[in-house]
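Chemist: give the three-dimensional model of this entry:
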Amino acid sequence: MSTPNAEPVTQAQPPVNAAPPGETVLARYRLLRRIGAGGMGVVYLAHDEHLQREVAVKRIAIELDPAGRGEREAIAAARLSHAGIVALYESGRDEHAVYLVTELVRGRTLAELIAAGELSDRDVARIGVTLCDALEHAHARGVIHRDVKPSNVICPEDPEHGSGVAKLTDFGIALMAGGDVLTRTGDVMGTLAYMAPEQARGQGVTGAADVYALGVALYEGFTGRNPIRAGNPAATARRVGMRLPALGRVRRDLPAGLCRAIDAAVEPEAARRAPLGVLRLALAKAVESVADTAGPIATDAGVAQTVRMASDRAPRPEIAATSEAPLLPPTRRRRRAQHRRPDVASAPRSPFEERAREPLREPVPDRMPARDASHEAPRELPASRPRGAVRRLALRVPAAAAAAALAAGAFALLGPAPVAGAPAAVALAGLAVLALPRLGWLAMVATLLAWLAMTAPGIALLVAVAAAPVPIALPRRGVAWSLPAVAPLLGIVALAAAWPALAGQARGFTTRAALGALGGLWIVLVEALTSERLLVGQPRDVLAAREWESSALDAASGALGPLLSGGTLAIAGLWAIAAALLPVLVRGRSAALDLIAAAGWAAALAASTQALSEALVLDPPRGLVAGALVGGAIAVAARAVRGRA
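Modeler: Okay, here's the model as predicted:
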């Protein structure tokens, strides 16, 4: 089949203005027959009368393309020259249509091969490596495809004859640097089931959008189902941006490194998405270790149901495609892993596997052991990996310990004297948070407030002000409700300014901002309670705790009022911004860039905090420079650790 240039399924399909067979266009290409159609054009098998060869000609009627996208598609394709991209030979127009003349690729689309179950895991990995190379080539030349999907990938029928294992086509909605944008700002172009969340929102896209789409396509190749596509466009749109089930849970027999790379490629947040190089390296390493027999895919039964709920019952081809002959020889169906025969390693290989003799750009290390039949059985996840209840317990234990520490500190420092039975109350608080993180934490705070209300109502008011925003700002992060207490602890050792870097390691923009703000709030309130200088010290208008601890009204006028009117709580807002923006600056793409970005972030944090304290006529911040530098180091180290993981 020739190169089918599929149009986005999100656009209406206009009537096709076809040309009669036998017509000669651009004074040299004789149209033989129609072999495909997209949203705006018709693809013909044609004969080049000058060079005596067969080509593919895409005809786009002028009345169907008032914005001139066909000509700009030609401009985008003309920038590219790569074995993994369908080559553009020529473009032109007459009074009726725009014509794109490309190489003729006989084969089937990746979507057809996935639907037919004719790809092995090794085939999918090799196709993925080729597409990574093709996209890297395009991005380096300022072209973002924006519609990467299996139906826009053609797999040649004879990959062993130098035509490659896959070719990317249809740059009809590509975004080009240094030229006109093919769509207006805010337009949503692409295919919903493969569209990156930022692209679906109509925001500016980068190469990360292509990485996301490729990750979804590979996920579909390894599982047989698109986890985003639903029964109708509205349901599909609701699933765009949702976190996909981990590939390692759906296909436990795949290498863990490959699963992690694809999971990172489909990360909803563009700034946290894996770059193409990471994805390519994982695919290249997996080529020799994954199965090379084609057929139905054996998946974890429980998780496969999750994928079925997020996909159509039957794959839907997004272009009209025909084939001129059986393009791939029949291949033995892949048996479910537990029933594979021991001689599976000697099974006939698909045409893609025959291309194994062509070296990859980044060869697999020689030390990787060859796999025998025993390696074809599905591998269980390591027993040490937290799963289910064990994973929840691993998160709750630190939360319970932090809650117990908070209760112990409150009983020892806030009341007039330690109460009888305080150790038992501390232990009970920890156990309650361990069992029910949110309810247990709320019960602990309520108990402390009830005790303080009887002995020190003024202190109870400040504790309530510190605790009340936590469940509101972090409604679904019960295990993190005690974390803001780390900020005052850092202040004790003159490193309070490192807190935004710790808060900046959380997932999600709002979670990072909430943690940063809560840490700043708790530092200010603890300074008012203790009169200790953790950062800027107690503001001059705030009275000592002994003046208002016995009355809530006195606490409101002598402590909270001056804090609010004096603007001291603005530190919390500044730290919220610093924590939220940190992962956007320190992105893990280059160690040198990370160091520069972290140093700039630390300098900006220190300068902003210093300027704010001067504007509010506060004492010079304690340990500001050291804390900001430690925070920058934490950011770089944390990003490096996540990268190695």
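Chemist: from now on I want contacts and neighbour counts done on CA atoms only, so please keep to that.
Modeler: Will do.
Chemist: got the contact list for the residue nearest the centre of the chain?
Modeler: Residue closest to the average C-alpha location in the chain (CA atoms, centre = their mean): Glu267, at 1.4 Å. By CA atoms under 8 Å, 6 or more residues apart in numbering, Glu267 lies in contact with Tyr212, Arg243, Arg273, Ala274.
Chemist: in space, what's closest to the second one - neighbours in sequence excluded?
Modeler: Excluding its sequence neighbours, the residue lying closest to Arg243 (CA to CA, 6 or more residues apart in numbering) is Pro268, at 6.5 Å.
Chemist: the residue nearest to the centre of the chain belongs to a helix?
Modeler: No: assessed with DSSP: H, G, I helix; E, B strand; the rest coil, Glu267 is coil; it does not lie in a helix.
Chemist: you'd agree Val57 is up against Val105?
Modeler: No: using CA atoms under 8 Å as the test, Val57 is too far from Val105 to be in contact (11.7 Å).
Chemist: most neighbours out of the contacts of Glu267, which is it?
Modeler: Tyr212 (30 neighbours; other CA atoms under 10 Å).
Chemist: mean confidence for whichever helix or strand it is part of?
Modeler: Taking DSSP states H and E as the criterion, Tyr212 maps to helix 207-223. Averaged over helix 207-223, pLDDT sits at 96.
Chemist: where in this protein is pLDDT low?
Modeler: Residue ranges of the chain with pLDDT under 70: 1-18, 38-39, 67, 160-163, 177-188, 295-392, 415-421, 643-645.
Chemist: Thr455 against Ser550, yeah?
Modeler: Yes: applying CA under 8 Å as the test, Thr455 and Ser550 come out as touching, 7.4 Å apart.
Chemist: hang on, the earlier thing: which of Val57 and Val105 has more neighbours?
Modeler: For Val57 versus Val105, neighbours defined as other CA under 10 Å are more numerous around Val57 (33 against 23).
Chemist: doesn't that one belong to a helix?
Modeler: No: according to three-state DSSP, the state of Val57 is strand, so it is not within a helix.
Chemist: show me what contacts it?
Modeler: Taking CA under 8 Å, 6+ apart as the test, what Val57 contacts is Leu31, Val43, Tyr44, Leu45, Ala46, Tyr99, Leu100, Val101, Thr102.
Chemist: next helix or strand past the helix or strand containing the last one?
Modeler: Under the criterion DSSP H and E, the helix or strand holding Thr102 is strand 97-103. Proceeding C-terminally, strand 97-103 gives way to strand 107-109 as the next helix or strand, assigned by DSSP H and E.
Chemist: show me what secondary structure element comes after that next one.
Modeler: Assigned by DSSP H and E, the successor of strand 107-109 is helix 110-116.
Chemist: before we move on, back to that, what's the closest of the contacts of Glu267 to Ala450?
Modeler: Among those, Arg243 lies closest to Ala450 (CA to CA), at 41.0 Å.
Chemist: contacting residues around the closest one?
Modeler: If you count contacts by CA under 8 Å, 6+ apart, then Arg243 has Val266, Glu267, Pro268 around it.
Chemist: and it, that's in a helix?
Modeler: No: using three-state DSSP, the assignment for Arg243 is coil, not a helix.
Chemist: measure stretch 226-237 end to end?
Modeler: 13 Å (CA to CA, to the nearest Å).
Chemist: typed the wrong thing, it's stretch 426-442
Modeler: 14 Å.
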